[in-house]
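**Q** Need a 3D model of the sequence below.
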Amino acid sequence: MTDRLIDPYGITLNLGDPMIRLFVPGRPIPKGSLAVGHTKTGKVFLRHSTDAGDLKTWTKTVATLGRLVMQRAHLQPVAEQAFFVYWTFIRNRPLAHRRADGTVKPQYARLLPLTRPDVDKLHRATADALEGIVWADDAQLTTVIACKRWGRMEGAQADVYRDYSDPDVETPANLHELIGRVM
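**A** Next up is the predicted model:
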């Protein structure tokens, strides 16, 4: 990754080296949305749409490895700092994508992981697991890039940077024209 990224709105991200780089092996589990359920007697209740056992195991693994990486770097959770995080959530390719010899079939070679889980829910579970370990509160994540990719080893990689980006952004001069076209 380069030291500086510039997005389409002209925001410059001054990155430098990552504060920490973390890889968590295992199948990343999303933090599900709340779903409405009904008891046999008709009462309404809310539940998480993700299996709680899998999520608990995943977040515990993330937290344990996060602590280990922070200890090895001689770092404590940071309270008064903005963070930029680049997440890569890695899944194994489905067997249908592979030939008998293990190589990827040509029609699947450029196919990105379009299936569930949603990348934002993977981010939510993993970022929450690092709360109190890397950052005091995940509200400190001011810039996030998250992607899903195929790989030979499932897991999640996080490159965590201190975010020294310009806090102000200019809206396009012709914003009123852009809004007018949509309405």
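
**Q** does the residue nearest to Glu154 when sequence neighbours are not counted belong to a helix or a strand, and which?
**A** The shortest distance from Glu154 to any non-neighbouring residue, by CB to CB, 6 or more residues apart in numbering, is to Arg27 (4.9 Å). C-beta coordinates here come from the backbone N, C-alpha and C atoms, glycine included. Taking DSSP states H and E as the definition, one finds Arg27 inside no helix or strand.

**Q** which residues does Arg27 contact?
**A** Arg27 is in contact with 58, 91, 154, counting by CB atoms under 8 Å, 6 or more residues apart in numbering.

**Q** So among those, which ones count as buried?
**A** The neighbour count (16 or more other CB atoms under 10 Å) marks 58, 91 as buried among those.

**Q** Among the contacts of Arg27, which one sits closest to Gln107?
**A** Taking CB to CB as the measure, Gln107 lies nearest Arg91 of the contacts of Arg27, at 18.4 Å.

**Q** tell me the secondary structure for the residue nearest to the spatial centre of the chain?
**A** Nearest to the geometric centre of the chain sits His123, at 2.9 Å (CA atoms, centre = their mean). What DSSP: H, G, I helix; E, B strand; the rest coil gives for His123 is helix.

**Q** For it, which non-adjacent residue is spatially closest?
**A** The spatial neighbour of His123 that comes closest, neighbours along the chain excluded (CB to CB, 6+ apart), is Ala146 at 4.6 Å.

**Q** wait, doesn't the residue nearest to the centre of the chain sit right on Ile145?
**A** No: between His123 and Ile145 there is no contact, the gap being 9.7 Å when judged by CB atoms under 8 Å.

**Q** Show me the common contact partners of these two, please.
**A** Taking CB under 8 Å, 6+ apart as the criterion, His123 and Ile145 both touch Trp87.

**Q** For Pro18, I want the exact helix or strand it lies within.
**A** Assigned by DSSP H and E, Pro18 falls outside every helix and strand.

**Q** For it, list the residues it contacts.
**A** Contacts of Pro18 by CB under 8 Å, 6+ apart are 159-161.

**Q** thinking again about what came up before, wait, is the residue nearest to His123 part of a strand?
**A** Yes: according to three-state DSSP, Ala146 belongs to a strand.
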